[in-house]
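Asks: Please work out how this folds:
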Amino acid sequence: HRRRDAAARPLGAVSVVVVRLRLSQPGQRQRQVRSSARSIYERFGTRRSLALRYRGYPVAQRHASMACRALGSLSRALWQREVRGLQLWKAARVPALACGGVAPGGLDGKKCCKSGPGATGAPGSSSSAGASAPCSTPAPSPAHRHQLGGKKRAEESVTVSGRSYSSTAPKIDPKTYLWARYNEMKRLVHDLIPPGVCNLLNPSTIYANNEVNLDEVDIYGFDYDYTLALYSNALNSMIYDKARDFLIEHYKYPEGIRKYDYIPNFAARGLHYDIQKGLLMKIDAFHYIQLGTVYRGLKPVSDEEVLQLYGGTHHVPLHQVSGFYGKGPKMKQFMDVFSIPEMTLLAAANDFFISNDIEYDPVHLYKDVSDAIGMVHIKGYMYKWIMQDLEKYILRGDETYAVLHRLVSSGKKLFLITNSPFSFVDKGMKYMVGKDWRDFFDVVIVQADKPHFFNDCVKPFRRLDGNGDLQWDKINSLEKGQIYKQGNLFDFLRLTGWRGSRVLYFGDHLYSDLADLMLRHGWRTGAIVPELEMETKVVNTEQYAQSLTWLQALTGLLERMQMHRDPESQKVLQDWLKEREELRAVTKNLFNPQFGSIFRTCHNPTYFSRRLCRFSDLYMASLSCLLNYDLSYTFYPRRTPLQHEAPLWMDQLCTGCMKTPFLEEMAHIR
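Replies: Okay, the predicted model is just below:
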């Protein structure tokens, strides 16, 4: 348009116009973009090689090159009616904003990019990979430039996306430009999260790491503890109290430790413990310690001290300090739900010695606490508590019955392999399923001694009678209705013939239950992760959605604006980095104030999460999630883009840039 001000510069001197449209319907978007393209190209010359982009995507050149004989009516009519949804900016006012990218030299740089970060029709857009690509569009000839009355104006040469244009635009303060981009991005993030988006995740969903067709699965296997039987948090407190008493009474630890009660939300599954240094920490998939999650006792260790303790780095060579099953000798990973009381007791005992300035060896403390926890299981205390009050400790027993009944009714074969003793399993299964629970299973194996059951062939199968007493006959077949003890997987495969992807086995321990089955024997595996239910509730909150989306957007903004090297710009970027750290702390504390989510560090997957993806085809909060799916259902993993790939498919969130899909349309995917 031509400004109403009589002193306005003639239209022919305008080099770039950015059009922002707020539109709702897809058809309306296409019509308006085409019409706007024709209008702009008619006004500025049909042969100019200008780049039009809508929401980060290029507008087809055939639409952009269609010129109308009459003057473009769209922009004129909208301007006269002052429609709220349209905003026009001249490049003379905001030259860098019009292109969306700035050369490494800053605002006065001589190069810019068309397809690099921010090269969209609105500020704040980005490319998926964050890398700039130089434009190959040739520069227009001077004959195509509009001149008024043959007079030449005093011009400042500006190079935009490889094309030279005339401009008398004043220079813009870099600090002002950066904060303008910041504010625009913040507004975009607010607009991109529609109402109801925070309820997309269903805690009863089954998530796929690998494609699994249930129609091809004929045999279903199960662990017992935290798989068929889910336990209440009250059990963790009982285990902690009994192990603490063992430390004091059997290992003669100071009486002062008894003052430390169980802290329900202190530890989280998947943490690592440095046995020699007495440090509890969270490590990511690349073996880096997440700074801010290192605890000595009940107190956090500063980032500076962590770096000093590990030789100036926060990388831990786990292949040197811990074995495949994460059991040491120098670093222990706590992988099952039963380990939460052990981590809490380790932290409490360390804290007692440190607070009272008592010299101790962290290695001895770790061994004693580990033995005390083991005694709770070996001496049968945990089994006795649960059997005495099944209603208090066992959760969702009716759902376990529903799952087993449905599978058997569909002609599936079932088997049970557990480390728990028969008397304990028998009482729990009678409570959940009924006295005829053994009729559901074709094979029942107790006290299997996993993971050794899966990776050696030493122990033979032994049969138990109805009272749980050992029999002496040789096992030549595994019969339905019988109870077997110990054994090994090699004999199991030989006697049953159940091999490969026909078998789907569920368990909660990634190493003891799933790793060998996945890597060595080709079974399908399903991980039971009870923490998913709580974490899903957090992810579904508006606070988390807003914080995470803005965190991603701010990170993308930092990546694109880091070429500004002047002191004022660097100060702005430092402010943004500080805000980014604050946002990370906010999202972490929503899950667990000490260690955050069990699935993520700040941005990388955790070591636990990487193992979960490696050793399980499927994962879910509980077995009851199977009730939501047909037994011929195929689970497809979502294709998430690699760093060098563009998020071109609709099931991939790309928050913080103009290419973000419409989130409300993704509800059916999640």
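
Asks: For this protein, give me the ranges with low pLDDT.
Replies: 1-170, 194-199, 647-670 (pLDDT under 70).

Asks: for it, what's the longest helix?
Replies: helix 567-591 (DSSP state H).

Asks: Run through who's touching that one.
Replies: By Cβ atoms under 8 Å, 6 or more residues apart in numbering, the list of residues contacting helix 567-591 from outside reads 106, 173-175, 178-179, 182, 268, 292, 534-535, 538, 541, 543-544, 547-548, 550-551, 554-555, 557-558, 561-562, 564, 595-598, 602. From N, CA and C alone the C-beta is placed, and that goes for glycine too.

Asks: Spatially nearest residue to residue 433, not counting backbone neighbours?
Replies: residue 401 (4.7 Å; Cβ to Cβ, 6 or more residues apart in numbering).

Asks: How about the helix or strand hosting the one you found, which residues are buried there?
Replies: According to DSSP states H and E, residue 401 maps onto helix 397-409. For helix 397-409, the buried set under the neighbour-count rule, 16 or more other Cβ atoms under 10 Å, comprises 397, 399-404, 407-408.

Asks: before we move on, which element is residue 492 in?
Replies: With DSSP H and E as the test, residue 492 turns up in helix 489-496.

Asks: now what about that helix, what contacts it?
Replies: 415, 443, 445, 453-455, 457, 460-461, 475-478, 498-499, 516, 521.

Asks: Now do the phi/psi pair for residue 315.
Replies: phi -90, psi 140 (degrees, to the nearest 10).

Asks: What distance do you get for it to residue 288?
Replies: As judged by Cβ to Cβ, to the nearest Å, residue 315 and residue 288 stand 5 Å apart.

Asks: what's near enough to touch the closest residue to residue 322 other than its chain neighbours?
Replies: Distances taken as Cβ to Cβ, 6+ apart place residue 331 nearest to residue 322, at 4.1 Å, with adjacent residues excluded. Going by Cβ under 8 Å, 6+ apart, residue 331 touches 272-275, 316, 318, 321-322.

Asks: same deal with residue 532?
Replies: Neighbours of residue 532 in contact, by Cβ under 8 Å, 6+ apart: 203, 619-621.

Asks: List the buried residues of stretch 264-281.
Replies: 266-275, 277-281.

Asks: just those now: which is nearest residue 466?
Replies: Of all those, residue 269 has the smallest distance to residue 466: 36.8 Å, by Cβ to Cβ.

Asks: wait, what's in contact with the closest one?
Replies: 334-337, 339-340, 531, 598, 608.

Asks: same check, this time on residue 406
Replies: By Cβ under 8 Å, 6+ apart, the neighbours of residue 406 are 626-627, 631.

Asks: which residues of the stretch 401-550 of the chain fall in strands?
Replies: 413-417, 443-446, 461-464, 483-486, 503-507, 524-528 (DSSP state E, counting those that start in this stretch).

Asks: Relative to residue 249, which of these is closest?
Replies: Using Cβ to Cβ, the nearest of the strands of the stretch 401-550 of the chain to residue 249 is strand 443-446, at 30.4 Å.

Asks: Just checking: what are the partner strands of the closest one?
Replies: Sheet pairing for strand 443-446, assigned by DSSP bridges, gives strand 413-417 (parallel), strand 483-486 (parallel).

Asks: That one: how far from the chain's middle?
Replies: Put simply, strand 443-446 sits 36 Å off its chain's centre (Cα atoms, centre = their mean, to the nearest Å).

Asks: backbone phi and psi for the residue nearest to residue 322, please?
Replies: Here residue 331 shows phi and psi, under degrees, to the nearest 10, equal to phi -130, psi 130.

Asks: Please give the number of neighbouring residues around residue 593.
Replies: Using other Cβ atoms under 10 Å, residue 593 has 11 neighbouring residues.

Asks: thinking again about what came up before, now tabulate the contacts of residue 331 in JSON lines and tack on secondary structure and distance to residue 247.
Replies: Below are those laid out as JSON lines (DSSP: H, G, I helix; E, B strand; the rest coil; distance: Cβ to Cβ, whole Å):
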{"residue": "272", "secondary structure": "strand", "distance to residue 247": "22"}
{"residue": "273", "secondary structure": "strand", "distance to residue 247": "16"}
{"residue": "274", "secondary structure": "strand", "distance to residue 247": "20"}
{"residue": "275", "secondary structure": "coil", "distance to residue 247": "17"}
{"residue": "316", "secondary structure": "coil", "distance to residue 247": "28"}
{"residue": "318", "secondary structure": "helix", "distance to residue 247": "28"}
{"residue": "321", "secondary structure": "helix", "distance to residue 247": "25"}
{"residue": "322", "secondary structure": "strand", "distance to residue 247": "24"}
